[in-house]
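Trainee: Okay, here's the prediction I keep looking at, along with the sequence it came from:
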Amino acid sequence: MNRPTVGILGGGQLARMMALCGAALGVRFRIMDTAADACAGQVAELVHADFTDREALAAFAASVDVVTFDFENVPAASAEYLAEHVPVFPNPRALALAQDRLEEKRLFRSLGMDTPAFEAVDSRDGLAGAVARIGLPAILKTRRLGYDGKGQFRLRSPGDVDAAWDALGGVPLILEQFVPFERELSVVAVRARSGAFAAYPLTRNWHADGILSASLSPVAASTGIEQEVDAFARRLAESLDYVGTFAVEFFQHQGRLLANEMAPRVHNSGHWTIEGAETSQFENHVRAVLGWPLGGTGARASAAMLNWIGSLPERDAVLSSREGHWHDYGKSARAGRKVGHATCVAADARTLAYALAALGVALDREGQVAPLLAALGEGAERAA
């Protein structure tokens, strides 16, 4: 039996979880990262090299059957170079598109999906004009290399314009309307080499300081919203000839969905799928890039994910919960760093709420679980 080797550019926790899930399929992994201590190197072979090193890239390509990546800031030129030597999924075009917030939103609109109002900003005068047209509050972002709240500046009043320009000016920017959303939602989906497509149930997300704090799935939502999200994800994947797992984030505001951004990779808001879905997003990504049949994407149960940022809480409190599952990424503690997560999976929303409430008390994280409990309560009221 052929046991292929998947190469992954980037050796963070997403590559680590991909390798752990793929190992059960008999797949080998080779990781390339610029950090010699990348955490995925604890579970798979690690090649320490710069992503722009053509000699290292050529040797890497020769040692694997297919290449993918675990974060979107891999240089698109490196993906294009690799694609000349070995299959690369998702393709370099999809990677390049997701690296530019302006082009990404233009594509969203061309595919019939609303977005917050936006304008390109290339000068201080251009910023002033964009603010006048879009209004305040608004968010100024770098078009490239921004994630987890990085490369962003919120403008609340005209007095913030100079400070925003001083903080971010000098690179291509985009000004986006600030949306006072009721809910942040995401869809994680996967497309196979054959063109087969599947989406996971809608996920609701909460952020703290621009970093995902918690997720809940499935989400109580109208059939119309589910259909709109899934149809858009399919159109997006087909327009890019996308292969692999990806996520699209949305704001829900006054009954409308506004597409925020796409992640061309497995995504934090899909971590619940490891224990909560028929097939995890990580396993389905591996299946997709290898050209294998996709697994089911249905939810096995109600699931929640709590992200550990900066440091890990008490492990035994999670392991003592029959609904709890612990994930340690093998990273050292550091402010703002994703070092692990926990998932809670229960047969129904009521049981999940009890488990989350108990876990919040045990970990002294009642504030982190409070919005999930409120959402579960809202869902129960709608179902009654």
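Mentor: Yep, that arrived.
Trainee: ok, which stretches of the stretch 51-200 of the chain are helices?
Mentor: For the stretch 51-200 of the chain, the helices defined by DSSP state H, counting those that start in this stretch occupy 54-62, 76-83, 92-98, 101-110, 124-134, 160-168.
Trainee: meant to ask about the stretch 251-384 of the chain
Mentor: So, for the stretch 251-384 of the chain - with DSSP H, counting those that start in this stretch - the helices run 273-276, 281-290, 315-319, 349-363, 366-383.
Trainee: so which of these gets nearest residue 226?
Mentor: Across the helices of the stretch 251-384 of the chain, residue 226 has its closest neighbour in helix 366-383 (14.1 Å, Cβ to Cβ). C-beta here means a position set from N, CA and C on the backbone, and glycine is covered the same way.
Trainee: Enumerate the positions of that closest one that are buried.
Mentor: Buried residues in helix 366-383, counted by 16 or more other Cβ atoms under 10 Å: 368, 369, 372, 373, 375, 376, 379.
Trainee: Then stretch 116-126?
Mentor: Going by neighbour count (16+ other Cβ under 10 Å), the buried part of stretch 116-126 is 116, 117, 118, 119, 121.
Trainee: cool, stretch 189-209 as well?
Mentor: Under the neighbour-count criterion of 16+ other Cβ under 10 Å, stretch 189-209 has 189-193, 197-206 buried.
Trainee: Show the end-to-end separation of that stretch, please.
Mentor: Start to finish, the residues bounding stretch 189-209 are 26 Å apart (Cα to Cα, to the nearest Å).
Trainee: re earlier: which of the buried residues of helix 366-383 sit farthest apart?
Mentor: 368 and 379 (18.7 Å).
Trainee: Can you pull out the low-pLDDT segments for the stretch 1-150 of the chain?
Mentor: The stretch 1-150 of the chain contains residues with pLDDT under 70 at 1, 146-149.
Trainee: can you do 80?
Mentor: Applying pLDDT under 80 to the stretch 1-150 of the chain picks out residues 1, 145-150.
Trainee: mind listing the strands in it by residue range?
Mentor: Along the stretch 1-150 of the chain, counting by DSSP state E, counting those that start in this stretch, strands occupy 5-9, 28-33, 45-48, 66-69, 118-121, 138-142.
Trainee: For the ones you listed, could you give me a markdown table that also reports distance to residue 210?
Mentor: Listed next are these as a markdown table, based on distance: least, Cβ to Cβ, whole Å:
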| stretch | distance to residue 210 |
| --- | --- |
| strand 5-9 | 24 |
| strand 28-33 | 23 |
| strand 45-48 | 29 |
| strand 66-69 | 22 |
| strand 118-121 | 18 |
| strand 138-142 | 10 |
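Trainee: Out of those, which gets nearest to residue 152?
Mentor: Checking the strands of the stretch 1-150 of the chain against residue 152 by Cβ to Cβ gives strand 138-142 as the closest, at 4.9 Å.
Trainee: who does the closest one touch, helix- and strand-wise?
Mentor: The contact analysis (3 or more Cβ pairs under 8 Å, 6 or more residues apart in numbering; DSSP states H and E) places strand 138-142 against helix 124-134, strand 152-155, helix 160-168, strand 173-177.
Trainee: And the strands in the stretch 201-350 of the chain?
Mentor: Under DSSP E, counting those that start in this stretch, the stretch 201-350 of the chain gives strands at 203-208, 211-217, 244-253, 256-263, 302-309, 324-328, 338-346.
Trainee: Could you tell me the angle between the shortest one and strand 338-346?
Mentor: Spelled out, that is strand 324-328. Per axes from the mean of the first three to the mean of the last three Cα atoms, to 10 degrees, the angle that strand 324-328 makes with strand 338-346 is 160 degrees.
Trainee: Mind listing what's buried along strand 324-328?
Mentor: Quick answer for strand 324-328 (16+ other Cβ under 10 Å): 324, 325, 326, 327.
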